[in-house]
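> Take a look and give me a structure for this.
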Amino acid sequence: MKEILVKKPAAKLLQQDFVGVRGFEPPTPTSRTWYANRTALHPEKTIKKLVSFIVLPLNLTCKYQKKTFTNYRTSDSFIFAFDKIWKLKRILNTFLTFVIITLLIWLFFIIREPLIEKKQYQTRKNEIIKRLELIRQAQFAFKDNYGYFCDNWDSLIHFCKTGNFKIIKSNALSNTLDTILIPVADSIFIKTYPIDSLKFIPLTFEGIFQLEAGTIDQRGVKVHVFQVTDTQPFDPEHILQLGSMSEVNYSGNWK
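Below you'll find the predicted structure:
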């Protein structure tokens, strides 16, 4: 008997065991997942999807064609996205620079303002003290002539313009005492000093010192006193004052 050899047909491979379309993609066993297979065959598509996820939330679209980045080649999308991000970075840098400069200017004025106020206060204080010192000299000259302190500005200013100091000087030759009169305006003030401004507070808008004078009882003795007060103080907690109406004190409270 002749042995009949029967060729067994090779196992037919099912189409579902492979992934891919013939003529376009080489078949790959399904041991890989569809996603891994597609990534291995077309990596540019995966990159393109990643680019779309990054770019689309930023709403970056092409200026010249009404298409999103996913409609372009991957390289074009990267270049366009980089260009947009670079422009956005420049805008942010410009904005941050403006904000920083504004904050620096604001801090400069915040630090500078108290220094200016302190300097203005010290300048005004010095000018007021100089004026009060002149008033004290004028009051003592007035008291030497009339025996009491002046309590109004008109009389005190008139006396400063026309009054005289009385100075008693001994004469050794005749063994007598001579009285010498010296003009108050020449002894207390300089020649060009405006005596009419004696009552005004320096560096204020027509502020006038408050002038008071009278007597107090000091251990049964009447003592003449006076007081000059700054009515427009720069610092309300530190009001400059010369003399006192409650005690015998002819000095200023700044000493």
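> how many other residues sit next to F95?
Counted by other Cβ atoms under 10 Å, the residues lying close to F95 total 10. Placement of C-beta: from N, CA and C, glycine included.
> Phi and psi next, for it.
Phi and psi for F95, reported as degrees, to the nearest 10, are phi -60, psi -40.
> Can you show me the helices along the stretch 151-255 of the chain?
Counting by DSSP state H, counting those that start in this stretch, the stretch 151-255 of the chain has helices at residues 153-162, 184-188.
> Can you add mean pLDDT and mean neighbour count and give the ones you listed back as CSV?
Output for these, formatted as CSV (pLDDT from 0 to 100; neighbours: other Cβ atoms under 10 Å):
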stretch, mean pLDDT, mean neighbour count
helix 153-162, 92, 16
helix 184-188, 86, 17
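> Quick check: V184 touching H158?
No - assessed by Cβ atoms under 8 Å, V184 is found out of contact with H158, at 10.5 Å.
> so where is the stretch 51-200 of the chain shaky, pLDDT-wise?
The model of the stretch 51-200 of the chain has pLDDT under 70 over residues 51-84, 172.
> Go again with 90.
51-97, 108-124, 144-146, 162-195 (pLDDT under 90).
> then stretch 137-147 to CSV, C-alphas only?
This file holds the C-alpha atoms of stretch 137-147, laid out as CSV (Å, rounded to 0.1, in the frame of the first residue of the first chain):
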residue,chain,number,x,y,z
GLN,A,137,14.5,139.9,76.0
ALA,A,138,11.8,142.4,74.9
GLN,A,139,9.7,141.6,78.0
PHE,A,140,12.6,142.0,80.4
ALA,A,141,13.4,145.4,78.7
PHE,A,142,9.8,146.4,79.1
LYS,A,143,9.8,145.4,82.8
ASP,A,144,13.0,147.3,83.5
ASN,A,145,11.2,150.5,82.2
TYR,A,146,7.7,150.0,83.6
GLY,A,147,8.1,147.5,86.4
